[in-house]
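>>> can't give you the sequence, but here's the structure:
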Ligand code: SF4
């Protein structure tokens, strides 16, 4: 058990209700976040390449070539299960499998061959080529290889050509959030920077939703029932065609800001599409998000139809929240007083989860994120009860320390946090890419309550040898 935390990490950990960083007498009201990980701390954050891959992978008809050693390719669809209603091409994972000779003499020829082989076998319209750590070290000119490949295959796809987009993402060149930004840049490079006519009266894009367990379809169905057209979902269940349609939208709604805020900002600045941040987790945030989408569209194009949109949204949200408040009552009885720990990717999800636990009469005693921004942490600190530990870019030792100290009954996290919870004899809820049931939207509220109840109240914890602080 680690009793203390690294000095370099002190200003990224705060106890709510205090103005001091944990373990530090100096006042530090602002939590340090959105930076590179401290040397010596085994961050839960993935590398730059993984950040880029997670955002681009759900483009279902794109082909992904990982230029590097085979180990980098272990990061496949199987551990990031976004669903598709069309092409299944994205589920393949291809690597140039760089060997010692490639590293000594350069891997450009091998990459060019890999692109040609992919084109001959699968005829994709869009290929992403990821440069990994070793490519960053040896300096292959991946840009040139991709450009030449586009020129070689210019006549393909009925004369539409082939796009081969390099993603220069050596893992060591920053942290996961840099990979998110690179992915956004790659999408902009594909869809182009020319402003597009807004032909749709109220067409929107959903950004930062990966269609895990079909969640994009659920949110899409709510919006389409309200007669809001969803032009593109970037990048869950998207295709090269739907990415191009996304240019026509009047509004971008950003679900996972960590992964997509840079893209949203670029689309606003370059294409003139405004954005709002939303969250479809929990009753409160789902209602708030649907209403803000309806109100923003109504304000953009006033008229009778738009006034109707707001009132349709109100009625729908009222009906669903009443139904769910009744449905949650039995879960509240079984969960009241339990303590939750949260460690997730982005700040907006963490905020929604704190609210969602409140809806279940549970208190949050530890909350952290990998890529939260200062404005997210301000909201988090205002939401949680005094004494709750708020931490950015945590490592396993810190998570363990604070979960034990605060007596957490359940940890919500992803695949990397799961073994930590089980080792401590604490219940776990997967709220990341491995989840099998949708947790978004009104449907997700009930699934979440069910999962938390099953996990927290499982008899197995009676036999767990709980660690003491
Ligand atoms: S850190 Fe480097 S070597 Fe490791 S997975 Fe990322 S790109 Fe590959």
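Okay, I see it. Because the structure is predicted, anything quoted here is derived from the model rather than measured.
>>> helix, strand or coil for residue 119?
Following DSSP: H, G, I helix; E, B strand; the rest coil, the label given to residue 119 is helix.
>>> got it, and residue 245?
helix.
>>> In contact with the residue of the chain found nearest the ligand: list those residues for me.
Closest to the ligand within the chain is residue 171: 2.4 Å, counting by CB to the nearest ligand atom. All C-beta atoms are positioned from the backbone trio N, CA, C, and that covers glycine. Residues in contact with residue 171 (CB atoms under 8 Å, 6 or more residues apart in numbering) are 47-50, 72, 132-133.
>>> Now narrow these to whatever sits close to the ligand.
Contacts with the ligand within these, counted by CB under 6 Å from any ligand atom: 47, 49-50, 72, 132-133.
>>> top of the residues you listed by neighbour count?
Neighbour counts for these, by other CB atoms under 10 Å, peak at residue 49, which reaches 30 neighbours.
>>> who touches that one in this structure?
66, 68, 72, 75, 130, 132-133, 169-171, 179.
>>> Excluding residues flanking it in the chain, which one is nearest it?
residue 169 (4.3 Å; CB to CB, 6 or more residues apart in numbering).
>>> The one you found and residue 135 touch, don't they?
No - using CB atoms under 8 Å, residue 169 is not in contact with residue 135; the gap is 9.3 Å.
>>> Show me how this protein divides into domains.
1-32+330-469, 48-174, 203-319 (automatic domain parsing).
>>> Make CSV out of those domains and add mean pLDDT and distance to residue 41.
Output for these, formatted as CSV (pLDDT from 0 to 100; distance: least, CB to CB, whole Å):
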stretch, mean pLDDT, distance to residue 41
domain 1-32+330-469, 90, 5
domain 48-174, 93, 16
domain 203-319, 92, 19
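>>> Out of those domains, which is closest to residue 194?
domain 203-319 (8.0 Å; CB to CB).
>>> what about that closest one, start to end distance?
25 Å (CA to CA, to the nearest Å).
>>> Equivalent analysis for stretch 121-138, please.
Using CA to CA, one end of stretch 121-138 lies 29 Å from the other.
>>> Stretch 377-391 now?
Counting by CA to CA, the terminal residues of stretch 377-391 are separated by 9 Å.
>>> for stretch 399-417, same thing?
Note: stretch 399-417 ends 9 Å apart using CA to CA.
>>> Let me see the residues that make contact with it.
Contacts of stretch 399-417 (CB under 8 Å, 6+ apart): 1-3, 5, 44, 79, 338-345, 353, 365-366, 368, 387-389, 391, 420-421, 424, 426-434, 452, 455-456, 467-469.
>>> Now, the residues you listed that are in helices?
Using DSSP state H, the subset of those located in helices is 353, 420-421, 424, 452, 455-456.
>>> rewinding a little: which members of the contacts of residue 49 occur in helices, if any?
133, 179.
>>> Please tabulate the contacts of residue 49 in CSV, including the columns distance to residue 330.
CSV is the format used below for those (distance: CB to CB, whole Å):
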residue, distance to residue 330
66, 47
68, 51
72, 46
75, 40
130, 47
132, 49
133, 51
169, 47
170, 51
171, 46
179, 42
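>>> Give the buried residues for the helix ranked longest in the chain.
Longest helix of the chain, by residue count under DSSP H: helix 304-335. If you call a residue buried by 16 or more other CB atoms under 10 Å, then helix 304-335 has these buried ones: 306, 309-310, 313, 316-317, 320-321, 324, 328, 331, 335.
>>> who does it touch, helix- and strand-wise?
helix 283-300, helix 441-456 (3 or more CB pairs under 8 Å, 6 or more residues apart in numbering; DSSP states H and E).
>>> Please work out which of the ones you listed is packed deepest.
Mean neighbour count (mean count of other CB atoms under 10 Å) peaks for helix 441-456 among these, with a mean of 21.
>>> got the contact list for it?
215, 218-219, 222, 280-283, 286, 320-321, 323-324, 327-328, 331, 334-335, 338, 356, 359-360, 362, 409-410, 427-429, 437-439.
>>> Stretch 327-337 too?
359-363, 445-446, 449-450, 452-453, 456-457.
>>> Repeat that for stretch 152-162.
Everything outside stretch 152-162 that qualifies as a contact, by CB under 8 Å, 6+ apart, is 116, 119, 123-127, 149-150, 164.
>>> okay but residue 41 is in contact with residue 6, surely?
Yes - counting by CB under 8 Å, residue 41 touches residue 6, with 5.7 Å between them.
>>> need the contact list for the closest residue to residue 106 other than its chain neighbours.
For residue 106, ignoring the flanking residues on the chain, the nearest one in space by CB to CB, 6+ apart is residue 140 at 5.9 Å. Listed by CB under 8 Å, 6+ apart, the contact set of residue 140 reads 67, 106-108, 111, 131.
>>> mind running it again at 10 Å?
By CB atoms under 10 Å, 6 or more residues apart in numbering, the residues touching residue 140 are 67-68, 96, 98, 102-103, 106-111, 131, 134.
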